[in-house]
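Visitor: here is a sequence together with a model predicted from it:
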There are 2 protein chains.
Amino acid sequence: MRDLPVVGTPPAERADAAHNRRRIVRAAAELIATRGPEAVSMDEVARAAGVGVGTVYRRFGDRARLVYAVIDDREREFQTAFIHGPPPLGPGSPAPDRLRAFLHALADRTDAQADLLFMAESGPSDARFRDGSYGLYHRHVAMLLAQVRPGADTAYLADALLAPFAANLFLFQRRTRGMTLDRVKTGLDALADALIVRTL
Amino acid sequence: MRDLPVVGTPPAERADAAHNRRRIVRAAAELIATRGPEAVSMDEVARAAGVGVGTVYRRFGDRARLVYAVIDDREREFQTAFIHGPPPLGPGSPAPDRLRAFLHALADRTDAQADLLFMAESGPSDARFRDGSYGLYHRHVAMLLAQVRPGADTAYLADALLAPFAANLFLFQRRTRGMTLDRVKTGLDALADALIVRTL
DNA sequence: AGATTAACTGGAGAACTCTCCGGATACAAC
DNA sequence: GTTGTATCCGGAGAGTTCTCCAGTTAATCT
């Protein structure tokens, strides 16, 4: 993602800046892994990365975006699994199967990264939708829905299908309501099945 | 932490405390109405209410809960409309109609209070599900779903149907994606219709 | 190489949320 | 009334997030 001539050339990051960006993400990831997501402050990340706190903010804008950068780094492989990987997640299976497989996989990763996601989604920011991999998931689900429910407003329905993965709801269901991960998946299946047009 | 008779009687708030609670909510509501939700600090609310900031926190715990108190105050009438009010929102209509009416009404109030809700939902807290009127909405939707989709996991599906009303998603759809309120409602209808078991 | 300049750096500081606890006060019991 | 005490009050302060800008540096042009 650098000097692609496509359209509107994003100003191109200077080498030292790119270097610092990597150092910051790495430092943040390490601190978070060690001490838990909510125990690390931006000051600490900056110090651990050997830069000033101003630099962290210049690179990432706000706390949420930094955390999303860490998350994206972690789940790069998941992101390609459903695009290029083997069926039923990747291409090759019928759309209904892929949709179910995707929702299950997303439930698994949400469960695994719940605390991190929760932290990232906190704070007054669009970051979840703008920054993270939400856009990718949204396009994927919309594409599958288009095959499964032709003519529907797939852009809206994709948002609606992804909405239950909001970390605060997910954590509330799991921890406070005491729902098991399997129960969540079953519920998602019910939702997805309802959306699949059955040929009568 | 006391010698209370087992389970009931929440310690009963002292008169001055109850008085201050009202003053705080009123002051907060007024400030928010005047200057917008995110322009008011807890310090200001405290000063406007004529109490110390410690009192605000003692009464409400955190910022999110205070904002929810303001919101609840505002929509008390909506909350009873779908319980005791006239059809199709209130009792008297068939469940599918009531469900659709409820979703439409909730879309309207979410749209109207979006900024306030967005502020309340920001911050690392369960407040949305614990404090606000979410519990009420959840029970209502689950009750309607039980009639419309017997045997399903209505507790889960109710969460899923309410998930698209998260203020951050809602605002993102309306402002960034540029969806109209009607389009959102139509999408919600599609979702609800899919969940309604059709008698063939 | 030297000059030019747009982009980057770092830390002081503004603004905010929330905690803590000594002192004040409402209510109950006598 | 007086006394006892559980509850409440308020504001100083700790710990954050994020802003701002004077000074520095990497990349480009001649």
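Guide: Ah, there it is.

Visitor: so who does the closest residue to A:A28 other than its chain neighbours touch?
Guide: Spatial nearest neighbour of A:A28, chain neighbours left out: A:V45 (4.8 Å); criterion: C-beta to C-beta, 6 or more residues apart in numbering or on different chains. Bear in mind the C-beta positions are built from the backbone N, C-alpha and C, glycine included. By C-beta atoms under 8 Å, 6 or more residues apart in numbering or on different chains, the contact list for A:V45 reads A:I24, A:A27, A:A28, A:L31, A:V56, A:L66.

Visitor: what would whatever helix or strand A:V45 lives in look like as CSV? C-alpha coordinates only.
Guide: Using DSSP states H and E, A:V45 sits in helix A:42-49. Output of helix A:42-49 as CSV, limited to C-alpha atoms (Å, rounded to 0.1, in the frame of the first residue of the first chain):
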residue,chain,number,x,y,z
MET,A,42,-0.6,6.1,25.3
ASP,A,43,2.3,7.5,27.2
GLU,A,44,3.7,4.1,28.0
VAL,A,45,3.3,3.0,24.4
ALA,A,46,5.2,6.1,23.3
ARG,A,47,8.0,5.5,25.8
ALA,A,48,8.3,1.8,24.9
ALA,A,49,8.5,2.7,21.2
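
Visitor: and it, does that touch DNA strand D?
Guide: Yes: applying C-beta under 7 Å from any atom of the strand, one finds helix A:42-49 touching DNA strand D at A:M42, A:D43.

Visitor: starting at the chain centroid, how far to the helix or strand following that helix?
Guide: Once the chain leaves helix A:42-49, the next helix or strand it forms, by DSSP H and E, is helix A:53-60. Relative to its chain's centre, helix A:53-60 lies at 22 Å (C-alpha atoms, centre = their mean, to the nearest Å).

Visitor: so what's A:R47 up against?
Guide: A:R47 neighbours (C-beta under 8 Å, 6+ apart): none.

Visitor: correct me, but A:E30 touches A:A48?
Guide: Yes: between A:E30 and A:A48 there is a contact under C-beta atoms under 8 Å: 7.2 Å.

Visitor: and the residue lying closest to A:I71 once chain neighbours are set aside, how far is that from DNA strand D?
Guide: In space, and not counting its chain neighbours, A:I71 is closest to A:L116: 5.9 Å by C-beta to C-beta, 6+ apart. To DNA strand D, A:L116 is 14 Å away according to C-beta to the nearest atom of the strand, to the nearest Å.

Visitor: same question, A:G50
Guide: In terms of C-beta to the nearest atom of the strand, A:G50 sits 14 Å off from DNA strand D.

Visitor: now that residue. Nearest residue, chain neighbours left out?
Guide: A:G50's closest residue in space is A:R23 (C-beta to C-beta, 6+ apart), at 6.7 Å.

Visitor: and chain A, which residues reach DNA strand D?
Guide: Near DNA strand D, when you scan chain A using C-beta under 7 Å from any atom of the strand, you find A:14-16, A:41-43, A:53-54, A:57-58, A:61-64, A:123.

Visitor: wait, which of those is closest to chain B?
Guide: A:G123 (5.7 Å; C-beta to the nearest C-beta).

Visitor: doesn't the closest one lie inside a helix?
Guide: No: counting by DSSP: H, G, I helix; E, B strand; the rest coil, one finds A:G123 to be coil, located in no helix.

Visitor: pull the number of nearby residues for it.
Guide: 17 (other C-beta atoms under 10 Å in any protein chain shown).

Visitor: what sits against the spatially closest residue to it that is not a sequence neighbour?
Guide: Leaving out its chain neighbours, the residue that sits closest to A:G123 by C-beta to C-beta, 6+ apart is A:A64, at 5.0 Å. Neighbour list for A:A64: A:A120, A:E121, A:S122, A:G123, A:S125, A:A127, A:R128, A:D131 [criterion: C-beta under 8 Å, 6+ apart].

Visitor: just to check, A:V70 is in contact with A:I32?
Guide: Yes: counting by C-beta under 8 Å, A:I32 is a contact partner of A:V70 at 6.4 Å.

Visitor: circling back to that earlier point, any quick ChimeraX command for the buried ones out of the contacts of A:A64?
Guide: Filtering these down to the buried ones (16 or more other C-beta atoms under 10 Å in any protein chain shown) takes a single ChimeraX command:
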select /A:120,121,122,123,125,127,128,131
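
Visitor: between A:V70 and A:I32, what contacts are shared?
Guide: A:L116.

Visitor: quick one, which of the two is more surrounded?
Guide: A:V70 (24 against 21).

Visitor: any idea which element the residue nearest to A:G123 lies in?
Guide: helix A:63-74.

Visitor: quick one, phi psi at A:P150?
Guide: Main-chain torsions, A:P150, degrees, to the nearest 10: phi -60, psi 140.

Visitor: count of neighbours near the nearest residue to it once chain neighbours are set aside?
Guide: Distances taken as C-beta to C-beta, 6+ apart place A:V197 nearest to A:P150, at 7.7 Å, with adjacent residues excluded. By other C-beta under 10 Å, the residues close to A:V197 number 12.
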